[in-house]
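In: Coordinates only, no sequence provided:
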């Protein structure tokens with residue numbers, strides 16, 4: 001759970017101790033990572049916030065709203081500082097000062113100390129109390145530290161700032177394990193030591209060996225002689241390095257370990273490599289390994305059968321390879337599937353901030369967020385879903401006063417529900433607001449010249465006006481919406497991944513936007529067709545029927561319509577439209593009936609080849625103006641099949657040719 005979501009939950013339950021600890025650990029982790037990579041200003045902010053959460057933890061008191069607000073602001077500021085490490089941006093400098101002042105005010109509210117009281121930073125240690133303890137830390141380094149590129153210098157610098165330390169000059173060997181022995185005298189509790197060693201805790205063993213400073217000769221002599229005798233009887237007394245404030249001995253001790261880390265980190269600089277990762281269930285990888293082993297075995301069978309000219313075995317091996325190919329494609333697609341929760345959890349902060357900005361009370365509910373979609377699709381629908389949520393809060397949810405006057409709860413609701421059906425996922429974004437006034441939408445469309453005053457539109461057609469470029473029903477401009485920009489982009493983004501969007505609304509009850517999404521767009525079932533020697537592919541799910549009878553029996557080439565199921569529907573001839581070639585009387589043309597997004601029309605082709613599982617590849621810039629082509633697939637004979645976008649094909653080609 002990330003920091004934003006933890007804070008949102010803390011707003012609802014400020015007494016929740018586990019969440020307070022979670023927020024504290026999050027700030028501590030950010031501080032440690034920031035210090036490791038030299039983000040000093042990030043460290044300053046996070047340490048100050050961390051100190052406030054620590055006070056809350058120790059006093060076991062509820063978290064205050066002011067602390068939550070300043071932590072949210074700090075999290076946003078930290079994100080900005082990642083791109084402004086040296087704090088050179090004027091806006092960031094101003095915000096940095098404002099945040100430090102706000103943190104001081106919050107500290108005064110929590111502790112009652114003066115606002116000018118200094119909050120300790122990473123470079124300053126609080127005054128030591130009278131009670132000092134001696135701790136022994138055994139550090140076991142291995143190759144895992146190198147692979148994780150952990151900077152040990154920063155890690156142990158945090159540890160040694162806690163008090164006085166001494167380090168064994170030579171590592172001991174125990175059970176064939178190499179380790180370093182570190183003695184630390186400090187008044188800080190175990191949690192602080194553990195926090196300093198956060199990134200290497202799996203390689204450390206921490207033991208408290210005395211409730212006093214064992215390196216103070218007078219105090220050591222005063223304590224019981226048992227401990228002194230025990231240390232004197234060690235087979236070999238370790239030689240200690242004297243501590244120095246500049247930590248130079250640490251550089252020498254870990255120079256050998258750090259050298260490969262520096263070398264590796266220089267090869268994996270974030271500026272050079274930006275990767276997208278997907279968490280994969282181990283069972284899917286096990287299935288992949290099984291398929292690989294089966295493929296290797298089948299390859300050997302095929303080669304042996306060819307060598308012996310046993311064509312029966314060759315046919316069997318080819319059939320097995322075909323089955324393995326299908327299983328491989330299914331497995332590869334399942335590996336790319338990720339839970340919607342990855343995307344939806346990010347919107348909790350959006351809903352929280354917008355509702356406060358608009359002085360509305362909004363609850364955010366998700367259902368079916370464990371539903372899986374292709375990673376590429378999730379990345380592409382993030383922006384459209386965000387815009388729909390913003391519109392629901394701004395246009396849909398009423399103010400608390402208005403909701404109360406109409407008998408509704410003061411807190412509105414934004415609900416996102418995901419349901420899987422076959423190869424499709426239906427994602428519904430809904431609100432329980434005032435709904436859409438169809439008469440008002442129609443009058444706005446007439447006022448702005450989108451339709452004629454005598455137009456007789458259905459409810460669906462009126463709602464579809466919302467997706468027209470520049471159309472807006474907002475009464476006034478806000479920072480959220482109202483400029484007529486966005487809903488047309490939402491529809492375009494959804495259509496780019498072969499999705500559909502529709503609107504359902506009830507006046508006074510609420511509105512829902514339904515997104516129909518394919519689970520993946522990388523490998524799809526298609527129907528191969530041919531026109532003038534060029535092969536095209538049509539998505540199977542867009543096809544309603546295929547007609548193999550001669551087209552002359554029911555086509556009207558003047559009106560460009562054909563009879564189908566007792567009605568006339570428009571048609572497109574690929575030969576004439578795409579290839580700019582007149583009809584060939586010697587070819588018996590075939591017809592494919594398309595039903596897509598509520599539209600029914602026909603495509604006239606020279607030949608229907610058959611079904612094909614197409615691996616879709618993007619097209620180059622040369623095809624950028626041909627919007628009706630959404631990709632291409634390499635066929636078994638080496639030729640190319642162009643994937644037709646059935647939605648754009650009609651509107652962008654036939655409309656120009658025949659209207």
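Out: All right, it came through fine. Since we're looking at a predicted model, the values are computed, not measured.
In: got a pLDDT number for residue 295?
Out: Confidence at residue 295, expressed as pLDDT, is 91.
In: repeat for residue 241
Out: 42.
In: backbone phi and psi for residue 635, please?
Out: When read as degrees, to the nearest 10, the backbone of residue 635 gives phi -90, psi 170.
In: What is the burial count for it?
Out: 15 (other CB atoms under 10 Å). In short, each C-beta sits where N, CA and C put it, glycine included.
In: Excluding covalently adjacent residues, which one is nearest to it?
Out: Of all residues not flanking residue 635 in the chain, residue 641 sits nearest, at 5.6 Å (CB to CB, 6 or more residues apart in numbering).
In: How about residue 210?
Out: Closest residue to residue 210 apart from its sequence neighbours, by CB to CB, 6+ apart: residue 134 at 4.3 Å.
In: and the one you found, how many residues sit next to it?
Out: 23.
In: Next one: it, what pLDDT does it get?
Out: pLDDT for residue 134: 89.
In: And for residue 494?
Out: For residue 494, the model assigns a pLDDT of 88.
In: What strand or helix carries it?
Out: Here residue 494 sits within helix 487-496, counting by DSSP states H and E.
In: just for the stretch 401-550 of the chain, where's the confidence low?
Out: The stretch 401-550 of the chain contains residues with pLDDT under 70 at 473-485, 521, 549-550.
In: just so I have it, where are all the strands in the stretch 201-350 of the chain?
Out: All strands of the stretch 201-350 of the chain, identified by DSSP state E, counting those that start in this stretch, fall at 204-210, 240-241, 337-339.
In: Let me know which of these is the nearest to residue 603.
Out: strand 337-339 (31.8 Å; CB to CB).
In: still on that earlier bit, tell me which residues of the helix holding residue 494 are tucked away?
Out: Using 16 or more other CB atoms under 10 Å as the test for burial, helix 487-496 gives 487, 490-491, 493-495.
In: circling back to that earlier point, tell me the contacts of the residue nearest to residue 635?
Out: Residues in contact with residue 641 (CB atoms under 8 Å, 6 or more residues apart in numbering) are 526, 528, 535-537, 612, 614, 632-635.
In: List just the nearest of the residues you listed to residue 77.
Out: For the contacts of residue 641, the residue nearest residue 77 by CB to CB is residue 632; the value is 46.1 Å.
In: Tell me how far residue 644 lies from residue 626.
Out: 10 Å (CB to CB, to the nearest Å).
In: same thing with residue 65?
Out: To residue 626, residue 65 is 55 Å away according to CB to CB.
In: When the two are compared, which one has more neighbours?
Out: residue 626 (15 against 11).
In: For that one, which three-state class applies?
Out: Of the three states, residue 626 takes coil under DSSP: H, G, I helix; E, B strand; the rest coil.
In: ok, and the closest non-adjacent residue to it?
Out: Using CB to CB, 6+ apart, the closest residue to residue 626 is residue 619 (8.0 Å).
In: what's around residue 85, how many residues?
Out: Neighbours of residue 85 using other CB under 10 Å come to 14.
In: and it, backbone torsions?
Out: The phi/psi pair for residue 85 (degrees, to the nearest 10) is phi -60, psi -40.
In: got the contact list for it?
Out: With CB under 8 Å, 6+ apart, residue 85 has these contacts: 38-39, 41.
In: Over to residue 98?
Out: With contact set as CB under 8 Å, 6+ apart, residue 98 has no partners.
In: Please identify the helix or strand for it.
Out: Secondary structure assignment for residue 98, by DSSP H and E: helix 90-111.
In: Report the distance from that helix to the chain centre.
Out: 30 Å (CA atoms, centre = their mean, to the nearest Å).
In: Could you do stretch 57-77 as well?
Out: Taking CA atoms, centre = their mean, the mean C-alpha location of stretch 57-77 is offset from the chain mean by 25 Å.
In: for stretch 434-447, same thing?
Out: Counting by CA atoms, centre = their mean, stretch 434-447 comes out at 36 Å from the chain centroid.
In: Neighbours of residue 509, how many?
Out: Residue 509 - counted by other CB under 10 Å - has 12 other residues nearby.
In: Ok, residue 105 next?
Out: Residues near residue 105, counting by other CB under 10 Å, number 12.
In: From residue 181, how far out is it?
Out: Counting by CB to CB - residue 105 and residue 181 are separated by 45 Å.
In: Now do residue 18, the pLDDT please.
Out: With respect to pLDDT, residue 18 has a value of 86.
In: The one 5 residues further on now?
Out: Among the per-residue scores, residue 23 shows a pLDDT of 87.
In: For the closest residue to it other than its chain neighbours, give me its contacts.
Out: Spatial nearest neighbour of residue 23, chain neighbours left out: residue 6 (5.0 Å); criterion: CB to CB, 6+ apart. Counting by CB under 8 Å, 6+ apart, residue 6 touches 19, 22-23, 26.
In: do residue 494 as well
Out: So residue 494 contacts 381, 384, 500-501, 515, 517 (CB under 8 Å, 6+ apart).
In: now residue 79
Out: Here residue 79 is in contact with no residues (criterion: CB under 8 Å, 6+ apart).
In: Can you list phi and psi of it for me?
Out: When read as degrees, to the nearest 10, the backbone of residue 79 gives phi -60, psi -40.
In: For residue 162, see how far away it is.
Out: In terms of CB to CB, residue 79 sits 29 Å off from residue 162.
In: which of the strands of the stretch 201-350 of the chain is buried the deepest?
Out: The highest average neighbour count among the strands of the stretch 201-350 of the chain, using mean count of other CB atoms under 10 Å, belongs to strand 337-339 at a mean of 18.
In: what about residue 301, how many residues close to it?
Out: 17.
In: what residues are up against it?
Out: Here residue 301 is in contact with 313, 316-317, 320 (CB under 8 Å, 6+ apart).
In: tell me which of those residues is nearest to residue 100?
Out: Closest to residue 100 out of the contacts of residue 301 is residue 320 (68.2 Å), distances taken as CB to CB.
In: mind giving me the domain split of the chain?
Out: Taking automatic domain parsing as the criterion, the chain consists of the domains 3-111, 133-267, 282-324, 340-518, 523-658.
In: among those domains, which gets the worst mean confidence?
Out: domain 133-267 (a mean of 66).
In: Tabulate the domains of the chain (a markdown table), appending distance to residue 330.
Out: A markdown table is the format used below for the domains of the chain (distance: least, CB to CB, whole Å):
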| stretch | distance to residue 330 |
| --- | --- |
| domain 3-111 | 33 |
| domain 133-267 | 32 |
| domain 282-324 | 9 |
| domain 340-518 | 11 |
| domain 523-658 | 9 |
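In: so which of the ones you listed comes closest to residue 334?
Out: Once the domains of the chain are compared by CB to CB, domain 282-324 is nearest, at 5.6 Å.
In: is it true that residue 519 touches residue 371?
Out: No - here residue 519 lies out of contact with residue 371, judged by CB atoms under 8 Å, at a distance of 9.2 Å.
In: Give me the common contacts of those two.
Out: What both residue 519 and residue 371 touch, as defined by CB under 8 Å, 6+ apart, is the set 420, 425.
In: distance of residue 431 from residue 405?
Out: The value you get for residue 431 to residue 405, if CB to CB is used, is 18 Å.
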